[in-house]
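Undergrad: I'll drop the sequence and a predicted model, then ask my questions.
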Amino acid sequence: MSLVQRLEMRQGQALVMTPQLLQAIKLLQLSHLDLTAYVDAELERNPLLERAEGETGDERTPGETPSESSVDRQGEEGGDFDGGDFEGGEEPWIATTLTASGADMEGALDTRLDNVFADENPTHAREAASGDMLSLTPAPYGNTGGSFDGQAPDFEATLTSEMSLREHLVAQLDLATRDPADRLIAGFLIDAVDDAGYCRESIDDLAERLGTSLDTVARVLKLVQSFEPAGIAARDLAECLALQLRDRDRFDPAMQALVSRLDLVAKRDFASLRRLCGVDDEDLVDMLAELRRLDPKPGRAFGARAVEVLIPDVFVRAAPDGSWLVELNAEALPRVLVNQSYYARVSRGAQAEGDKAFLSECLQTANWLTRSLEQRARTILKVASEIVRQQDAFFLHGVAHLRPLNLKTVAEAIGMHESTVSRVTSNKSIGTSRGTLEMKYFFTAAIPGAAGTAAHSSEAVRHRIKQLVDGEARSDVLSDDALVQKLRDEGIDIARRTVAKYRESLRIPSSIERRREHFAYAR
C-alpha cells in the first residue's frame, strides 16, 4: 500500500460558535442581578461604554406638570417668593452686612438674640444678648454638628450595625468567667456555633485539638449553653428544646420523656406518647402546645440576612379591553450606550498599532454588548407574551385553572428552539396580580383526564389535593384512596402513588397521622 498526497474539496455544514454568539447565549440565561454585575464589569473594562442615565429632574417638557418634590424645592429656593416687605426681596438671614445694634437685628428678625439652644457656645450667646454684634467672629466649620473642636462632625460614629451571634456570645463570655483557659475553650466553642445556634463540632475532637480533658470541655460547654438566647450551643434539636424548657423551669420528668422521643411527636403517635409520659390527653395537648412555642433555631435572631425581594423581569397587567399587557421591567434591564464621539476623538490621536487595535476591539465589543442586550430583551418579551397567552385562564381564575405546558409548545409557537426557551425562562420571573412567580412555574406536567377529557396541570392537581385535605371533616379523614376517587369523580385520572407523592411535597401528613391529631384535639 502506497501513501499518496492529494487535494480534495468537500462541502459540509458545521455550527461555528463565535465569541459574540457565546456572549449572547450567556447573557440570555443570566438573571438580572448577574446581568447587572456582568455589565458593571464591562463598563469598567471598556472605555467606550457608558451607562444610559435618565433625564434629570430640572428638565421638563412643555406642559408637563412638575412633581411634588420640584414644587417644594422651588419654594425653598425662592423662585416664587416676592420678597414681602424686604427691600429688593432680600431675606434678612442672607444679608451681607451686620447690624451694629442688637436691638435693630432683634426687630428685623422678630426674635430675641438670647433665644438660643442650650448646647450653643455660651460666649456667643452672652455677646449676642449684650448687643455687641460686631465682636462676633464666624463659627468654625464643624460647629454645626454640636462640636467645638474645630473639626467636622463624625457621622460614622452615629451609625449602628446589627450585632452578630458571635459578638453577642463573646460579650456574655466577658462577664461569665475570667479563667484564661476557660475563655480559650469557650472561644473555640462559640466559633463552632453555626447561624442556627447549634454547636456542630464534636467536643471529643475539640478536647483533643486543645490538649485538655473531655470533662473540662463539657463543663465550659454548659457555661456557654447558659448564655442568651436560651437553647444556644446545643448539639441537636432535643438538647436545644431541653435547654429552653430548663430556662422556663418546665423541664419536668414528663416533658423530659416527651423531648427524648421527638420521633413519636413527628409521627403524631399520641397513644405511645401518653404511655411514655404518663399523662392524659389534656396534659399531652398542653405539652405539645408548649413544645411548639419553643424556637428550634435560636441563633436566627442575630445577624439575619436581609430578605432579598424577587424583582420581576416582566410585568403582566390587565388591559381595559380584557386582554393582557406584557411589558419589560426597566429596572431589571441595564442600559448602556456606545460613546461614538469619544471613540472618534481618541482614535484620531492613536498612532501606535497596538492602540488602534485596542480601540477597534473595544468598539466591536461595545456594539456586540448593546445588540446582545437588545436581543435578550426582545426574546424575553416574546417568550413571556406566549406564556401569558397559553396561561390566560390562570391570570383570570387562579391556580386551579393552570394548564399543562412544556417548552416545546412555546418554542413551536414563537419559532425558536427549545434550548433558547429554556435559557430564557431560567432565573426569570413574572410580576402578576397574584404575586411574582418564576417563569418555570408555568411549565407543568400533564395529568390525563378521565373518560377522554382534557389533561390537567400537575400544579392544579396538587392545589386541588390541598383544598380537599383542608376541607375534610375531623370525623371523616380522607385517605389516599379516597383522594384518588374524589379526583376521578372530578375528571382527573391519577394513580394512588402520584397522590401520595403530591401530598408529601405539600408536607401533608398521612391520613393515619391526621386522624390521630384530630382525635387528640377532640379529646
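TA: Received, thanks.
Undergrad: and Ser475, how many neighbours does it have?
TA: 9 (other Cβ atoms under 10 Å). In short, each C-beta sits where N, CA and C put it, glycine included.
Undergrad: now Arg488
TA: With other Cβ under 10 Å as criterion, Arg488 counts 14.
Undergrad: I figured it hits Val499, correct?
TA: No. Judged on Cβ atoms under 8 Å, Arg488 makes no contact with Val499 at a distance of 10.6 Å.
Undergrad: Now do the helices for the stretch 401-523 of the chain: every range, in order, please.
TA: 407-414, 418-425, 458-470, 480-489, 496-505, 511-522 (DSSP state H, counting those that start in this stretch).
Undergrad: Turn those helices into TSV, columns for mean pLDDT and distance to Leu325.
TA: Converted to TSV, the helices of the stretch 401-523 of the chain look like this (pLDDT from 0 to 100; distance: least, Cβ to Cβ, whole Å):
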stretch	mean pLDDT	distance to Leu325
helix 407-414	92	18
helix 418-425	91	19
helix 458-470	91	24
helix 480-489	90	36
helix 496-505	92	34
helix 511-522	72	44
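Undergrad: Give the full set of residues in contact with Ala196.
TA: Shown in contact with Ala196 (Cβ atoms under 8 Å, 6 or more residues apart in numbering): 297-300.
Undergrad: Whichever of these end up buried, select them in ChimeraX.
TA: Buried members of the contacts of Ala196, defined by 16 or more other Cβ atoms under 10 Å, are picked up in ChimeraX with:
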select :298,299
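Undergrad: and the two most separated of the contacts of Ala196?
TA: Pro298 and Arg300 (7.4 Å; Cβ to Cβ).
Undergrad: Go ahead and report the secondary structure state at the residue nearest to Arg300 when sequence neighbours are not counted.
TA: Residue nearest to Arg300 in three dimensions, not counting chain neighbours: Ala196, with 6.2 Å by Cβ to Cβ, 6 or more residues apart in numbering. Recorded secondary structure, Ala196: coil (DSSP: H, G, I helix; E, B strand; the rest coil).
Undergrad: Now intersect the contacts of Ala196 with the strands, please.
TA: When DSSP state E is applied, the contacts of Ala196 are split such that none fall in strands.
Undergrad: quick one on the thing from earlier: any shared contact partners between Pro298 and Arg300?
TA: 196-197.
Undergrad: where do the strands sit along the stretch 201-350 of the chain?
TA: 314-318, 324-328, 336-338 (DSSP state E, counting those that start in this stretch).
Undergrad: shaky segments in the stretch 301-450 of the chain?
TA: 303-308 (pLDDT under 70).
Undergrad: any idea how far Asp281 is from Leu288?
TA: Noted for Asp281: a distance of 11 Å to Leu288, by Cβ to Cβ, to the nearest Å.
Undergrad: In space, what's closest to Pro509 - neighbours in sequence excluded?
TA: Arg268 (6.6 Å).
Undergrad: So the one you found sits against Ser510, correct?
TA: No. Using Cβ under 8 Å, Arg268 is not in contact with Ser510, being 9.2 Å away.
Undergrad: more crowded one of these two?
TA: Shown here are Arg268 and Ser510; by other Cβ under 10 Å, Arg268 has more neighbours (20 against 16).
Undergrad: residues touching the more buried one, list them.
TA: Here Arg268 is in contact with 509, 513-514, 516-517, 520 (Cβ under 8 Å, 6+ apart).
Undergrad: The closest residue to Ser422 other than its chain neighbours: neighbour count?
TA: In space, Ser422 comes closest to Leu407 once its chain neighbours are excluded; the distance is 5.7 Å by Cβ to Cβ, 6+ apart. When neighbours are counted by other Cβ under 10 Å, Leu407 registers 19.
Undergrad: For Leu381, see how far away Leu407 is.
TA: Following Cβ to Cβ, the distance that separates Leu407 from Leu381 is 17 Å.
Undergrad: picking up where we left off before, return the distance of the residue nearest to Pro509 relative to Leu43.
TA: 58 Å.
Undergrad: again, but for Asp281
TA: 68 Å.
Undergrad: got it, and Ala460?
TA: 45 Å.
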